[in-house]
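[1] my questions concern the predicted model and sequence given below.
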Amino acid sequence: MKGSKVFFIILRALATAVAAAAGIFILYRFEYLTEMSSLDNIVGLIPAAFVFMAVGALSALIWLKYSRRTAPLAVCLAVLIALLAALFPTALRGNWWVAKIDNSIGSDGDISGYAPFKEDTLAVKLDETPELYLDGDLPVMDGALALYPVYSAVAQTIYDESAYGGEVMFTNTVKAFEALIAGERDVIFSASASAKQRAAAQAAGVELVLTPIGREAFVFVAGKSNPVEGITTRQIRNIYSGKTDKWATLGWREGGRIIAFQRPEGSGSQTGLQGIMKGLPIQAPRPLPSDELIGTNSLMKQISIEWKGVQPALGYTYRFFGNTMYPNPDAKFLKIDGTEPTVENIRNGSYPFTVNFYAITNGAPQGNTKKLIDWLLSEQGQRLIGKTGYVPL
């Protein structure tokens, strides 16, 4: 009898240790163990609280002496554990709002000024004879908003104007991927493909082939009067996972709440953020402190909003987009881990969020599409990339 009692005590102790180890692993996996000091809001604290409550309830259930008297307590503990487990994904996303909140910002407006073969177009031209000239079967191109100036300049340089029939298109990143997968585009230009876009291609039996053609910086943007000059990768992950909600945690005591704007799902910028988060769930947008802050659908304009005398917004985009296409003198790029997103730092790779951008095809490129991509990788093609304002490979 004594031996049986000792056995069950050891068994319960092992089960409790397993529950505690599971809780520690979950806290470590979602970076609560290492970033506890950065938690500055209740919504961000809830997932950690759920883990502690679940481990405590499970431990109590393990050690409970079962009888008719304790049966209701056992049921309550089991229900509590199941409820905490079911609500944990919602807690990680911070998605507690009854009404749908959308703080994402989409397209920044008209890009017709970069259209090819247009008088006074902003699309750049090479001051030399192109080594490739296509006068028929012109590849149909589409892609990300920020890369429209690149592929428009490509068409203007190597396409025969008399043969041109609108093969340079702009929908947006999401629709461009859909059209490529459906076989309606020959090549699209984007920073990368999101997990959902890769999954959609796989489901359609399509292989996405990504050919790097240039380099760019993924940048974080704040209002010019914001005294914070730089943030770290850890701080970005804490902000967009919901752990950090206040500028005071980053050293700006008067800054109030961080208004962290996001981009639409599937856009090139949102895919860039997901790459930084490395699987860490991105917090659902929280309600803005005032409807007055809803403003325009332009990140580079919205980033300089004022609230209670400060500029509390934070957002992200690509350097060329914010520096050349839609500059805002009342906004600034933040240093990341102490490094500025300069051309030199992008070229030498010292800027942490230096990324390639790609010519993406449905399967291996063929025919004139292959010729176009091969030309982009040539010295002349890379000169065009540089003249556009991006960084060559």
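    In hand now; what should we look at? Numbering: from 1, shown residues only.
[2] which stretches of this protein have low pLDDT?
    Low-confidence segments of the chain, defined by pLDDT under 70: 1-3, 97-110, 290-297.
[3] I'd say residue 336 and residue 234 touch.
    No - assessed by C-beta atoms under 8 Å, residue 336 is found out of contact with residue 234, at 10.8 Å. Bear in mind the C-beta positions are built from the backbone N, C-alpha and C, glycine included.
[4] out of those two, which sits in the busier spot?
    In terms of neighbours (other C-beta atoms under 10 Å), residue 336 is the more surrounded of residue 336 and residue 234; the figures are 23 against 15.
[5] sec struct for the closest residue in space to the more buried one that isn't next to it in sequence, please.
    Nearest non-adjacent residue to residue 336, counting by C-beta to C-beta, 6 or more residues apart in numbering: residue 352, 4.9 Å away. What DSSP: H, G, I helix; E, B strand; the rest coil gives for residue 352 is coil.
[6] one more: the one 5 residues further on?
    What three-state DSSP gives for residue 357 is strand.
[7] that one: what's it in contact with?
    Residues near residue 357 by C-beta atoms under 8 Å, 6 or more residues apart in numbering: 144, 147, 150, 189, 190, 191, 212, 213, 214, 215, 216, 390.
[8] now the last one: how far from residue 312?
    It stands for residue 390. 31 Å (C-beta to C-beta, to the nearest Å).
[9] do the first one as well
    With distances taken as C-beta to C-beta, residue 144 is found 28 Å from residue 312.
[10] max-length strand in the protein?
    strand 208-223 (DSSP state E).
[11] quick one: name whatever helix or strand follows that strand.
    Scanning forward in sequence from strand 208-223 by DSSP states H and E, the next helix or strand is strand 230-231.
[12] run the chain-centre distance for that following strand.
    Offset of strand 230-231 from its chain centre (C-alpha atoms, centre = their mean, to the nearest Å): 17 Å.
[13] counting by contacts, list what the helix or strand following that strand packs against.
    Counting by DSSP H and E, the next helix or strand C-terminal to strand 230-231 is helix 233-240. Judged by 3 or more C-beta pairs under 8 Å, 6 or more residues apart in numbering; DSSP states H and E, the packing partners of helix 233-240 are helix 268-277.
[14] packing partners of the helix it packs on?
    Contact analysis of helix 268-277 by 3+ C-beta pairs under 8 Å, 6+ apart lists strand 208-223, helix 233-240, strand 313-318 as its packing neighbours.
[15] so which of the ones you listed is the most packed in?
    strand 313-318 (a mean of 25; mean count of other C-beta atoms under 10 Å).
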